[in-house]
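K.L.:
Any chance you can model this:
(2 chains)
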Amino acid sequence: MKQLMLGNEAAARGLYEAGCEFVSSYPGTPSTEITEYAAKYDEIYAEWAPNEKVAMESAFGASFAGHRSFCGMKHVGLNVAADPLFTISYTGINAGMIIAVADDAGMHSSQNEQDSRHYAIAAKLPMLEPSDSAESLAFVKKAYELSEEYDTPFILKMCTRVAHSQSLVETADRVVPEQPPYEKNGAKYIMMPGNAIRRHPVVEERMKKLTEFAETCDFNRIEDGEDKSLGIITSSTCYQYVKEACGDRFPVLKLGMINPMPVQKIMDFAAGVGKVIVVEELDGIIETHCRSIGIGTHLAGKNLFPPLGELSQNLVAEKLHMGAASGVKLDENIPARPPVMCAGCPHRGLFYTLAKNKLHAIGDIGCYTLGAVPPLAALDSTICMGASVSGVHGFCKSGNGEMAKNTVAVIGDSTFMHSGITGLVNIAYNESKSTVIILDNSITGMTGHQQNPTTGRNLKGDPCTKIDLESLCRAVGIRRVRVVDPYDLAECDAAIKEEVAAEEASVIISRRPCALLKYVKHPGPIDCNEEKCVGCKSCMKIGCPAISFSDKKAHIDNTLCTGCGVCTQLCKVGALGGKKEE
Amino acid sequence: MAEKTKNIMIVGVGGQGTLLASKLLGRLLITKGYDVKVSEVHGMSQRGGSVVTYVRYGEKVYSPIIDKGQADCILSFELLEAARYTEFLSKDGMIITNTQQINPMPVITGAAEYPQGLVEKMKAAGINLDAIDALGAATSAGSSKAVNIVLLGRLSKYFDFTEEEWMKAIEESVPEKFVEMNKKAFIAGQNL
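P.N.:
Okay, the predicted model is just below:
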């Protein structure tokens, strides 16, 4: 029977059915669930690596040893793993290897919306682009066979709407192919100049063969249409928008293999229609290819569709003059509802202290990026994973170093393990007076509670080696390392004041587990004594969603309040506190 | 004659349990032999932000998303969110909304006001609206967290599925110890 599966779950099913034995990834929306679902299969070894580069190199190692392997990441994660990517293109693989990268057009949960297809072209690697869950499963299985046939890693390109949409799939049994033996082969795997020079032509030759394959493979198919005044070339979720808007009216060339793209097939398709329109999200990759092979005169693409955000069926219908649906917008000022730090979030007390002391805070990637939102507004920058620790060094070391007196870096535990450590080594080695605050909530929060090297549990939930943050920071050369409880505002305030004033680098570990973790026990909602409340709004400075203000009094939402006590410490008249009577 | 694809949008506030509602609905629809697509949003907006899930079913479903003017039904977990997405409703569509109000941060900080009289305003705009106190019904059924099931109960009035089919979907979608409470919440939603 057919089952409803997320694109990511279906990709994981593909790993299982194809006999994948090794999975190493770093979580990142919208890629995370591939690895989480893969971990549910006992037959697959699956792990969270500290970052994407480590994940990809580990997956390569498994392939090198002779086992089908996989690594998954979000688009910006591929930047981190770009170094091995370009060179394993030269070495090729032993057992099949798949790299999944999930783009986030529309930036539902990302800091940019870069188009990962550029990487496949730049690294000269084949890339497949499924358009729903059934294809996610099928493409993974086929990619392993082709990976071994053409001696190359394959990239599986997902996007938010494929990764996080459920559609129907049919499953099959797992088949583990015979493992290729490991043989030492320096000419293929030791990429020093003398060998790499001989491997580069192999890569070029492989791309030629894959282009021939692209001409005839099932990934790229033409669906006929009666109205040949127009032909549409598309891929991924855009194919679905095109079919939704146009049905079977126009001929469609659906590309499932996005690198390399066919040449003759596209030329033949273009010759059979009046005009070609390319429908693709983000950059004009297919369009550029079409122009490069000489289809330019009757071609439209990015002149119609924007290079930013997601496309949709209405947008396709509108641009093809097919009449898009519309609805009634309410004539009313609807306030925005941005994401917020949860009630009881341990980051809140820490950010309040930063804002109160008017410090600059160089931020990073995670739930705590929400510390930028008013009323806390406690962050000055957010760039990428690890950029807080490296950035604060430049911020505090440049000029005469005066910025060190009023600046901190803030980074989560998982992000610190991902790429904060090297920045901290730089702080110690090049001796800036930077203050780094590690927001240790004992989990990778934003992506939905994944374990990491500091939590003492692995991806499968089993106990494992726990990296000790204090020892690690001291070992890289930081002498001033201290731990604070972010629920204790006085303690936070004293620690932060002392460490920014210190004439050397320091690390403050703000430690309390994420309030949403199941094992965390909360005291329960507090009460607001309305007779005592003077309406001073001191408690409103922390941006807690459980506190609202009306009729000149504070009110506690007892479905949200955890009783963390941060607001209680801010209330000068003792109105907030005690347990709410049931 | 191919049946037109039906579109149900589930909107609410991150953390309200919209994902469970779409999961349950998706599960039920495939047992009826439909092609189904359910599109979710994970990640940052789940932290108390405005969240949208699209459920589409029919003979053959292409796009995973619902666009403006296309929703046959918007199932809203919160009043402001119902008002936010009216533009997605099709001409003959209807909104089922929980009348619960959850202040967004701009309202909490005083930067914006929660609009008053939204139910009346939506009705005045010609929207077919079914507004119910799902939070009250869920709390009486045993848990304020069962708002999602109360709303599904309400939605069931507009579907041809049998009581048994819905109950089976509940059994398959929630932990065993919560099944009875959720069944109660479902029936409460029907009878409000």
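K.L.:
any idea where the helices of chain B begin and end?
P.N.:
Assigned helices in chain B, in chain order: B:18-31, B:79-84, B:105-108, B:118-124, B:134-141, B:147-156, B:163-173, B:179-191 (criterion: DSSP state H).
K.L.:
Residue A:311: neighbour count?
P.N.:
Residues within reach of residue A:311, counting by other Cβ atoms under 10 Å in any protein chain shown, total 23. Where C-beta positions appear, they are placed from N, C-alpha and C, glycine not excepted.
K.L.:
got JSON lines for the helices of chain B, with mean pLDDT too?
P.N.:
Output for the helices of chain B, formatted as JSON lines (pLDDT from 0 to 100):
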{"stretch": "helix B:18-31", "mean pLDDT": "92"}
{"stretch": "helix B:79-84", "mean pLDDT": "98"}
{"stretch": "helix B:105-108", "mean pLDDT": "89"}
{"stretch": "helix B:118-124", "mean pLDDT": "97"}
{"stretch": "helix B:134-141", "mean pLDDT": "95"}
{"stretch": "helix B:147-156", "mean pLDDT": "96"}
{"stretch": "helix B:163-173", "mean pLDDT": "93"}
{"stretch": "helix B:179-191", "mean pLDDT": "95"}
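K.L.:
for those, which one ends up most surrounded?
P.N.:
helix B:147-156 (a mean of 27; mean count of other Cβ atoms under 10 Å in any protein chain shown).
K.L.:
Distance check, the residue most central in space within chain B against chain A.
P.N.:
Taking Cα atoms, centre = their mean, the centroid of chain B lies closest to residue B:75, which sits 3.0 Å from it. Going from residue B:75 to chain A by Cβ to the nearest Cβ, to the nearest Å gives 16 Å.
K.L.:
doesn't residue B:73 make contact with residue B:158?
P.N.:
Yes. Using Cβ atoms under 8 Å, residue B:158 is in contact with residue B:73, at 7.0 Å.
K.L.:
shared neighbours of those two, which are they?
P.N.:
Taking Cβ atoms under 8 Å, 6 or more residues apart in numbering or on different chains as the contact rule, the neighbours common to residue B:158 and residue B:73 are residue B:94.
K.L.:
of those two, who's got more company?
P.N.:
residue B:73 (22 against 12).
K.L.:
Okay, and the beta partners of the closest residue in space to that one that isn't next to it in sequence?
P.N.:
Using Cβ to Cβ, 6 or more residues apart in numbering or on different chains and skipping the chain neighbours, the partner closest in space to residue B:73 is residue B:8 (4.8 Å). Counting by DSSP bridges, residue B:8 is bridged to residue B:55, residue B:73.
K.L.:
Give me the neighbour count for residue B:8.
P.N.:
So residue B:8, with other Cβ under 10 Å, has 25 neighbours.
K.L.:
repeat for residue A:149
P.N.:
Neighbour tally, residue A:149, other Cβ under 10 Å: 11.
K.L.:
Would you confirm that residue A:561 contacts residue A:515?
P.N.:
No. Using Cβ under 8 Å, residue A:561 makes no contact with residue A:515, being 10.8 Å away.
K.L.:
Enumerate every residue touching residue B:26.
P.N.:
Contacts of residue B:26 by Cβ under 8 Å, 6+ apart are A:4, A:166, B:36, B:38, B:55.
K.L.:
Export the residues you listed as a markdown table, with columns for distance to residue B:93 and neighbour count.
P.N.:
Below are those laid out as a markdown table (distance: Cβ to Cβ, whole Å; neighbours: other Cβ atoms under 10 Å in any protein chain shown):
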| residue | distance to residue B:93 | neighbour count |
| --- | --- | --- |
| A:4 | 24 | 19 |
| A:166 | 22 | 28 |
| B:36 | 19 | 22 |
| B:38 | 18 | 26 |
| B:55 | 14 | 27 |
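K.L.:
Make TSV from those and add pLDDT to it.
P.N.:
Listed next are the contacts of residue B:26 as TSV, based on pLDDT from 0 to 100:
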residue	pLDDT
A:4	94
A:166	96
B:36	96
B:38	96
B:55	97
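K.L.:
what's the closest of those residues to residue A:473?
P.N.:
residue A:166 (42.8 Å; Cβ to Cβ).
K.L.:
Return the list of helices and strands in contact with the helix or strand containing the closest one.
P.N.:
Taking DSSP states H and E as the criterion, residue A:166 maps to strand A:165-169. If contacts are counted by 3 or more Cβ pairs under 8 Å, 6 or more residues apart in numbering or on different chains; DSSP states H and E, strand A:165-169 sits against strand A:3-6, helix A:7-17, helix A:133-150, strand B:35-39.
K.L.:
most packed of these?
P.N.:
For those, the highest mean count by mean count of other Cβ under 10 Å goes to helix A:7-17, at a mean of 28.
K.L.:
what sits in contact with each of residue A:561 and residue A:515?
P.N.:
A:343-344.
K.L.:
Near chain B, which residues of the stretch 201-350 of chain A? Just list them.
P.N.:
A:237, A:240-241, A:243-244, A:312-314, A:324-342 (Cβ under 8 Å from any Cβ of the partner chain).
K.L.:
Helix, strand, or coil at the closest residue to residue A:273 other than its chain neighbours?
P.N.:
The spatially closest residue to residue A:273, leaving aside those adjacent along the chain, is residue A:231, at 3.1 Å (Cβ to Cβ, 6+ apart). Residue A:231 falls in the strand class when you classify it by DSSP: H, G, I helix; E, B strand; the rest coil.
K.L.:
domain parsing for chain A?
P.N.:
A:3-216, A:220-319, A:347-511, A:526-579 (automatic domain parsing).
K.L.:
did I read that right, residue A:268 in a strand?
P.N.:
No. Secondary structure assignment (three-state DSSP) places residue A:268 in helix, not in a strand.
K.L.:
who has more neighbours, residue A:561 and residue A:515?
P.N.:
residue A:561 (24 against 19).
K.L.:
List the contacts of that one.
P.N.:
Per Cβ under 8 Å, 6+ apart, neighbours of residue A:561: A:343-344, A:524-526, A:546-547, A:580.
K.L.:
now do residue A:55
P.N.:
So residue A:55 contacts A:24-26, A:49, A:71-73, A:81 (Cβ under 8 Å, 6+ apart).
K.L.:
quick one: residue A:450 and residue A:369, what's the gap?
P.N.:
Separation of residue A:450 from residue A:369 (Cβ to Cβ, to the nearest Å) stands at 17 Å.
K.L.:
I meant to write residue A:264 there.
P.N.:
Counting by Cβ to Cβ, the gap from residue A:264 to residue A:369 is 48 Å.
K.L.:
So for those two, which sits in the more crowded spot?
P.N.:
More crowded of residue A:264 and residue A:369, by other Cβ under 10 Å: residue A:369, with 20 against 13.
K.L.:
With distance to residue A:462 as new columns, can the helices and strands packed on strand A:165-169 be given to me in TSV?
P.N.:
Below are the helices and strands packed on strand A:165-169 laid out as TSV (distance: least, Cβ to Cβ, whole Å):
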stretch	distance to residue A:462
strand A:3-6	25
helix A:7-17	19
helix A:133-150	26
strand B:35-39	32
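K.L.:
Just name the lowest-scoring one in the contacts of residue A:561, pLDDT-wise.
P.N.:
Taken together, the contacts of residue A:561 show their lowest pLDDT at residue A:580, with 54.
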